[in-house]
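Visitor: The following comprises the amino acid sequence and a computationally predicted model.
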Amino acid sequence: MQFSKWHGAGNDFVIVNGFKEKVAGLDLAAAGRLVCDRHFGVGADGLVFVLPSDSADFRMQIINSDGSEAEMCGNATRCVARYLYEQGLTDKTKVTLETLAGPIRPELVFTDGKVSGVRVDMGKPRFKRGEIPMSGPAEDGAVNVPVTVDGRTYYGIGVNMGNPHFVIFLDEDVRKVELPVTGPKIETDALFPRKTNVEFANVLSRGELRMRVWERGAGVTLACGTGTCATVVAGALSGRCDRTAQVHLDGGDLTIEWAEDDRVFMTGPAVEVFRGEFLLRI
Ligand SMILES: N[C@H](CCC[C@H](N)C(=O)O)C(=O)O
């Protein structure tokens with residue numbers, strides 16, 4: 001199976017051209033686990049298929065490294081937009097991608113005639129427990145919800161950006177949070193019927209945050225696009241930061257704008273690292 005290896009701020013993906021490779025009938029969960037394994041496979045946070053679509057320019061299917069399928073992935077969206085253009089699958093610099101979270105619209109950003117990044121219309125955030133989803137009354141919001149892990153209670157804000165997020169703002173430096181210990185316990189807490197991505201954030205100023213993430217189905221990643229959007233939205237919602245902010249992640253920076261029409265825009269890098277052929281035996 002031919003593939004191309006990309007990353008968006010260090011969140012890395014194996015991208016497969018579903019127009020060329022035989023995807024139908026493939027055990028996607030098994031393929032995701034094998035291809036994403038950093039010893040027995042290529043190594044990645046996710047396996048992403050680009051496929052035909054009846055409702056959009058292309059369909060983007062995202063398989064986490066644990067084999068689960070995600071509704072949406074922000075960093076992969078930027079990589080797919082650039083991949084499509086540079087592989088000649090489209091001559092459009094702005095495309096619509098069909099995802100399980102609905103249509104997503106990335107647009108290439110050019111500087112001096114070269115692609116310098118990608119800006120994505122990530123759609124509107126959802127705050128009701130029934131939409132995140134979180135347990136409790138479906139119409140209720142989820143702000144300052146307590147979750148206790150190993151005797152310590154964290155207070156988080158639930159936000160859906162196509163996928164579920166639980167954003168926890170801390171005063172202490174989030175680089176000290178033991179993500180592999182705390183992350184999975186919150187990810188799988190009974191509060192979250194479809195589990196959740198977990199973000200720990202510091203507010204450095206009204207326009208600058210730091211965030212680290214434990215991703216649902218992928219573990220610690222160096223960046224999470226939807227999680228970064230959720231973090232700025234949660235920060236603005238709770239009065240901690242402005243609606244436009246730069247976010248420092250372990251793998252790089254993303255810029256988020258929660259526009260007045262409620263749509264969230266994310267701008268950041270997309271980098272192709274290598275191409276190869278995977279001998280898929282499943
Ligand atoms: N693991 C996530 C999907 C990938 C999200 C992240 N990589 C992004 O850039 O948005 C989930 O299961 O919701």
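Guide: Yes, it's here.
Visitor: For the rest of this, base every contact and every neighbour count on C-alpha atoms.
Guide: Noted.
Visitor: secondary structure class for the residue found closest to Glu139 once you drop the neighbours it is linked to in the chain?
Guide: Setting aside the residues directly before and after it, Glu139 is nearest to Lys128 in space (C-alpha to C-alpha, 6 or more residues apart in numbering), at 5.3 Å. Assigned with DSSP: H, G, I helix; E, B strand; the rest coil, Lys128 falls in the coil class.
Visitor: wait, what's in contact with Lys128?
Guide: Counting by C-alpha atoms under 8 Å, 6 or more residues apart in numbering, Lys128 touches Ala138, Glu139, Asp140, Gly141, Ala142.
Visitor: Just the element for the first one, please.
Guide: Taking DSSP states H and E as the definition, Ala138 sits outside all helices and strands.
Visitor: that older thread, just the contacts of Lys128 that are near the ligand?
Guide: Among the contacts of Lys128, no residue lies close to the ligand (C-alpha under 6 Å from any ligand atom).
Visitor: out of the residues you listed, which one sits closest to the ligand?
Guide: Nearest to the ligand, judged by C-alpha to the nearest ligand atom, of these is Ala142 at 17.8 Å.
Visitor: which bits of the stretch 1-150 of the chain sit near the ligand?
Guide: By the rule C-alpha under 6 Å from any ligand atom, the part of the stretch 1-150 of the chain lying against the ligand is Asn64, Ala70, Met72, Cys73, Gly74, Asn75, Ala76.
Visitor: tally of neighbours for the closest residue to Trp258 other than its chain neighbours?
Guide: The shortest distance from Trp258 to any residue other than its chain neighbours is 4.4 Å, reached at Val264 (C-alpha to C-alpha, 6+ apart). The burial count assigned to Val264 is 24, neighbours taken as other C-alpha atoms under 10 Å.
Visitor: Dihedrals phi and psi, Val264?
Guide: phi -110, psi 130 (degrees, to the nearest 10).
Visitor: Val167 versus that one, what's the distance?
Guide: Applying C-alpha to C-alpha, to the nearest Å, the value for Val264 to Val167 is 16 Å.
Visitor: Repeat that for Lys185.
Guide: 14 Å.
Visitor: Neighbour count for those two, which is higher?
Guide: Legend: neighbour count by other C-alpha under 10 Å for Lys185 and Val167, higher for Val167 (29 against 16).
Visitor: end-to-end on stretch 118-127?
Guide: End-to-end distance (C-alpha to C-alpha), stretch 118-127: 26 Å.
Visitor: roughly how far is that stretch from the heart of the chain?
Guide: Stretch 118-127 sits 11 Å away from the centroid of its parent chain (C-alpha atoms, centre = their mean, to the nearest Å).
Visitor: what's next to stretch 192-211, contact-wise?
Guide: 133-135, 163-174, 177, 183, 186-189, 212-216, 227-228, 231, 240-242, 244-250.
Visitor: how does the protein divide into domains?
Guide: 2-119+270-277, 145-262 (automatic domain parsing).
Visitor: on that earlier part again, reformat the residues of the stretch 1-150 of the chain next to the ligand as TSV; add pLDDT.
Guide: Supplementary listing: those in TSV, determined by pLDDT from 0 to 100:
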residue	pLDDT
Asn64	98
Ala70	98
Met72	97
Cys73	98
Gly74	98
Asn75	98
Ala76	98
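Visitor: For those residues, which entry has the maximal number of neighbours?
Guide: Counting by other C-alpha under 10 Å, top hit in those: Asn75 with 30 neighbours.
Visitor: isn't that residue right up against Asp45?
Guide: No: using C-alpha atoms under 8 Å, Asn75 is not in contact with Asp45; the gap is 10.6 Å.
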